[in-house]
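K.L.:
Have a look; sequence and predicted model below, questions after that.
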Amino acid sequence: MSTGHESPDSSPGSRVDAYERANAIPRRPSDGMVFQVIPSTGDSSTSVLDMPNEVLTHILSHLPPESLSLMSLVNSRFHRLVTTPPAWRIAFARFFPGAESTVLLPPTTAEDETQKSHRRAFTRVSALASWRSEYILRPRLLRSLARGRPAIQQAVEKGTKNKATATAAVMYNSGLFYPGSHIHANFGVGLNKKQPLFVHGAVEQGSVTSSDPATGKVSGWGLADFEAFKHFADLYTGEAPYGLGSGDIVGMSNVMDVSQAFGKLYGEACPGGRLFYTSTAEQRGRFLMVTSPANYPLGIPEVTPFNAAITAVWLAKSEGVLKITNGLFGSLAGSSTGILSAFAVGASPVYDRRFDRGELTARWAICPGAPIIAINVDEKVSARRIGRGRIWATILNALGEVYYLVKPPIRAETRGKLSEPELDRLAWQTGRSTEWLMLESTRRTAKPDSFQASITDGSYTPRSSSDSQTLSSMQLEAEAKEITQFLAYKPKHFQSICDGWDMCRSLVVDYGGDDYHGSGESIFVVNRGGEDHLPTAIKRFTRHRAKHSFSQDSDPFPAINAPKRSSIFGSPAQRSSTISSPGYSAPRSRTSSTDDLAGVLYDNTWHVSNYSFGLLRNLEIASTATDDSDFAVLPASEDPLLGMSGGSDTSSPLASPLGKVTLATTAADIPGHRARLFGVGTASGIVILWNMRASTSSAPDIVNTVEPVRIIYTRSPQISSLAMTSLYVVHGGNDGLVQAWDPLASTMEPVRTIHSRFSDRARRRMAQAEASVHGVGINYYAAGAIVLDPDPTMLQGMVSLGTHLRYWSYSAGAADAYKIRKRGQLRRRSDRGSTSAGVDKYHHTGRGVLRDYITDERLELEREKTVKKKEQERLVNRFGTGLLGEGATEEEMLAYAAMLSEESHVSDEARRQASPPMKQSSSSVQPEEAQAMDAELEEAIRLSLLDTEVAAESPQTTDFDVPIRLGKKSRHGTPSKTKQASPSSSKPVRSASDDDLEFALQLSMAEQESRRIADESEFPELSKSSSGESVSGKGKSRRR
């Protein structure tokens, strides 16, 4: 091992060191900080307390939540480190990688690594959350989801003796003939939490049913409703949908929306389409009014149903919208001609007006000629949000234009029951009480027209005006006529003069975004991509408010007059507006400064962001979903955690004191930074998640890019449905696979498989799934819709699998407060029967439930014990094995048996010696002695007698010694070859065995004769004939 460069007197240690240096791989010089180990010159012992706080915090971040909590009991310094947010934030970031799971390359510098390790975007799972509570509660909830303990009791019918059994999942038939596409349930909030009831509908069939998962049965509502709806594919065979192809008509698949509280709304998306509404309080619904006769002096255009199709519907899910609109916005329907209509759902205790079910309440011509393809309404709207001027309703048309509403409509007072023409005029009048504003960044783009061949401007469209514009009657008449002209245009007209025609877009809105100036809402326009459609893209439009600067010397609140418009049609969006005082009052010491908006002048601007797909290309979006958890939809002004510092009306420092805990004053102080996740599922089985409230650009004319926070590669060929909460994401594939995932990437594998592929028909299901992707047939195996409880601590939801429904409810007991005494119980618990073994003890099919297995084993053991006890009692009663007690050995029992045998022998000998000598067997056998004989000996004698009689009467003998009497000699018969034998004519040769047999027979016959004589003394014989003798004369002997 010598290298040739060492001295002869070098030590062995130096030679080994030189060899290692010679064969070591040289390291590249690092640009960052280089650490070098320097031997200590003083005392080599180093205490943990000598380490700096940064090092100790880094070390403590590797501990699990329970151990990290216990470190605060070591000393005062550890208590200060553990009770501060940095230690828990670093530990949380280490356990939940988040966006780092999507990064393939390591960070370039140590600063980037530090910043990324602390930055996580998510929605908290509790109201007053901290980094400590999130690090403790979120892993426990995920473990509870992975274990799958049942949280519901399966109800049983009345009159049965069966007890309610706990089950984690229930699967039953929905009562629909087509795959379910819509599900809705009301889970309740807070103290009003209850067992949910579900409504589910099939858009292909147009029917809706309701069910109770506690019983697994479907109710009778909706089964007898109208179902003979028209479909575009049936009426126009071979015609391209979505206004493509020839461009003469607009058609697509029918649209539906369901609500557990208010019923179903169904629209026919074909020319001449009808609108059908069914309330939950009735068995059969009704068709709603979608036509409108022309009344030009009143500004009402002519709306005909011949070329109009219902392309978008919305039905209220809660009473918040009904309350804020006074019952006017019960349901909305958009047509292919750009007409939006509002209907009532009937009487309700939340408003004073009384409406009929399906009554027309408001109508607008928002984008004449351009189909309305999406409607979105804020279900959490309140008077506070309306007072702050927040957006609460949006629509999207086929050209990509977005319209939004900030003020609710107001209906004039009426008396008595109105006719249909009067209702129509009142609806148009109610529509003018508010104005749908256009998002100018989405205005339609005109195609280049160098030769001015088009009769209309491609970027212009008329729409219904509002009362705030104070138009004259002549202007209203001209406006109505122009709207009627645009309503008659066909889709090919708009495709020829405008860019961006696509009826497959999706609309997603975040009404909870906040910029702390009463704004911050984000509107997402999703281009799904695919053949004959625009490329896949997601664009976000975020509204911001900036204070309008004015001179201090001038009037602080100048009057703003409505500008006079040069055109009588349309109205550009106002950039400046005065925000009125919100409709609430509170002491200034308990309200945030952001609430004081009275008299403040703001400028509204829209910032645009593009959402990136990472390194993925050529994607087609199949489904979308947003985090609809309770705390994800709240703006900053209603956040209870910010309200502890005076910025919310949901809580107050007086009502919820926190002691010395540091209060959150901005979104940066809240765990997760008040983020809200938004996800899409692709046609290639990939789920991509983004933060809806990611940072925007610094200026409106700058477009920034938002990267995904998580990319999930599922095992499904296509994502057919998607749902999420702040805790987990659930995807449903077109092959029936339903799995739950952690959006913060604590594990790259699914947390739990809620429903697996059907193993018995996997090939057939895959083939049908692939066929349905290409538009051939209907896939009865896909997960059509998923709904989750908005409370992230309640692990329950439902998924539709073809015509079946699967409801799950897992216990969140592992998320309870941690107790030290539980640790010893968990350690002493064996692996069998324990839910902490890390495997799914509760299988989704229900056949492998551990509790049922333990119950069956217990019953089997009890049954075996009962059988053994009965056998032991039988042996004790027959053989006396239990006389010596349970502790007797085998040798003792054998000795006891020998003693009993000896005693029996002695007693028998004494009895024989005391009895008189026996006489002849034929006359001296007494009845008492005959009864004392052994029963087994009697049975043997009887069997031998029967054998003797059979042998004596058998004719099959070779000696022909049995006398046979022949009948009369026949003339034509064959003469006998032998004569009748006589007993003395011949004597055959007898063997020793025959002699023994004869002797035995004689003994038996003598014994039988003695027994017969003994019986005759008590019971005289009725017949003198003996049954065993042969009778001479004619005929054969008879035996009885």
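P.N.:
The structure has been received and is ready for your questions. Because the structure is a prediction, the values reported are computed rather than measured.
K.L.:
ranges for the helices of the stretch 801-950 of the chain?
P.N.:
821-828, 850-879, 890-914, 927-931, 935-953 (DSSP state H, counting those that start in this stretch).
K.L.:
between the second one and helix 890-914, how many degrees?
P.N.:
In this case it means helix 850-879. Inter-element angle recorded for helix 850-879 and helix 890-914: 30 degrees (by axes from the mean of the first three to the mean of the last three CA atoms, to 10 degrees).
K.L.:
which helices and strands sit right next to the helix or strand Leu396 falls within?
P.N.:
Taking DSSP states H and E as the definition, Leu396 sits inside strand 393-397. Packed against strand 393-397 by the contact rule (3 or more CB pairs under 8 Å, 6 or more residues apart in numbering; DSSP states H and E) you find strand 372-377, strand 402-405, strand 506-510. The way it works is simple: take the backbone N, C-alpha and C, and place the C-beta from them, glycine included.
K.L.:
What helices and strands are in contact with the shortest one?
P.N.:
For strand 402-405, the packing partners by 3+ CB pairs under 8 Å, 6+ apart come out as strand 393-397, strand 437-438, strand 522-527.
K.L.:
show me what contacts Val508?
P.N.:
376, 523-524, 526, 624, 626, 678 (CB atoms under 8 Å, 6 or more residues apart in numbering).
K.L.:
Quick one, which of the helices and strands packed on strand 393-397 gets closest to Gly243.
P.N.:
Checking the helices and strands packed on strand 393-397 against Gly243 by CB to CB gives strand 372-377 as the closest, at 10.4 Å.
K.L.:
Could you spell out the sheet neighbours of the closest one, each with its direction?
P.N.:
Neighbouring strands of strand 372-377 in its sheet, by DSSP bridges, are strand 393-397 (antiparallel).
K.L.:
List the contacts of the strand it pairs with.
P.N.:
Applying CB under 8 Å, 6+ apart, the contact partners of strand 393-397 are 312, 329, 334, 338, 340, 366-367, 370-378, 402-405, 436, 505, 507, 509, 523, 525.
K.L.:
what residue ranges in the stretch 151-300 of the chain score low on pLDDT?
P.N.:
Within the stretch 151-300 of the chain, the segments meeting pLDDT under 70 span 152-166, 190-192.
K.L.:
picking up where we left off before, pick the most deeply packed of the helices and strands packed on strand 402-405.
P.N.:
strand 393-397 (a mean of 26; mean count of other CB atoms under 10 Å).
K.L.:
For it, C-alpha coordinates in PDB please.
P.N.:
Listed next in PDB are the C-alpha coordinates belonging to strand 393-397 (Å, rounded to 0.1, in the frame of the first residue of the first chain):
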ATOM      1  CA  ALA A 393     -72.700  37.000  -9.000                       C
ATOM      2  CA  THR A 394     -70.900  36.300 -12.300                       C
ATOM      3  CA  ILE A 395     -71.700  34.900 -15.700                       C
ATOM      4  CA  LEU A 396     -69.600  33.800 -18.700                       C
ATOM      5  CA  ASN A 397     -70.500  33.600 -22.400                       C
END
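K.L.:
Identify each buried residue in the helix or strand hosting Ala480, please.
P.N.:
Using DSSP H and E, Ala480 sits in helix 473-487. By neighbour count on 16 or more other CB atoms under 10 Å, the buried set for helix 473-487 is 475-480, 482-484, 486-487.
K.L.:
mean confidence score for the next helix or strand after that helix?
P.N.:
Next helix or strand after helix 473-487 toward the C-terminus (DSSP H and E): helix 491-497. Per-residue pLDDT over helix 491-497 has a mean of 92.
K.L.:
returning to that earlier point: tell me which of the helices and strands packed on strand 393-397 sits most buried.
P.N.:
It is strand 372-377: most buried of these by mean count of other CB under 10 Å, with a mean of 23.
K.L.:
Between strand 522-527 and that one, find me the angle.
P.N.:
Going by the same axes, to 10 degrees, strand 372-377 makes 150 degrees with strand 522-527.
K.L.:
C-terminal to strand 372-377, which secondary structure element comes first?
P.N.:
helix 383-387.
K.L.:
Rebuild the helices and strands packed on strand 393-397 as a markdown table, extending it with mean pLDDT.
P.N.:
A markdown table is the format used below for those (pLDDT from 0 to 100):
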| stretch | mean pLDDT |
| --- | --- |
| strand 372-377 | 96 |
| strand 402-405 | 96 |
| strand 506-510 | 96 |
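K.L.:
Same list (those) but as JSON lines, adding distance to Gly736.
P.N.:
Listed next are those as JSON lines, based on distance: least, CB to CB, whole Å:
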{"stretch": "strand 372-377", "distance to Gly736": "28"}
{"stretch": "strand 402-405", "distance to Gly736": "36"}
{"stretch": "strand 506-510", "distance to Gly736": "24"}
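K.L.:
still on that earlier bit, for Phe96, which of the helices and strands packed on strand 402-405 is the nearest?
P.N.:
Closest among these, using CB to CB: strand 522-527, at 24.1 Å.
K.L.:
Mind listing residues that contact that closest one?
P.N.:
391, 394, 396, 400, 402, 404, 439, 442, 502, 504-510, 513, 533-543, 611, 621, 624, 678, 680, 692-693.
K.L.:
Give the PyMOL command for selecting the buried subset of the residues you listed.
P.N.:
Of these, the buried ones go into a single PyMOL selection, burial set by 16+ other CB under 10 Å:
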select buried, resi 391+394+396+400+402+404+439+442+502+504+505+506+507+508+509+510+513+533+534+536+537+538+539+540+541+542+543+611+621+624+678+680+692+693
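K.L.:
hmm, who's touching the helix holding Ala480?
P.N.:
Applying CB under 8 Å, 6+ apart, the external contacts of helix 473-487 come out as 294-304, 337-339, 365, 368-369, 461-465, 471, 568-569.
K.L.:
filter those residues to the buried ones?
P.N.:
For the contacts of helix 473-487, buried by 16+ other CB under 10 Å: 295-296, 299-304, 337-339, 365, 368-369, 461-465, 471, 568-569.
K.L.:
Where helices are concerned, which of the residues you listed count?
P.N.:
If you go by DSSP state H, the buried ones among the contacts of helix 473-487 have nothing in helices.
K.L.:
Sitting in strands, which of those do you find?
P.N.:
Among those, DSSP state E puts 339, 365 in strands.
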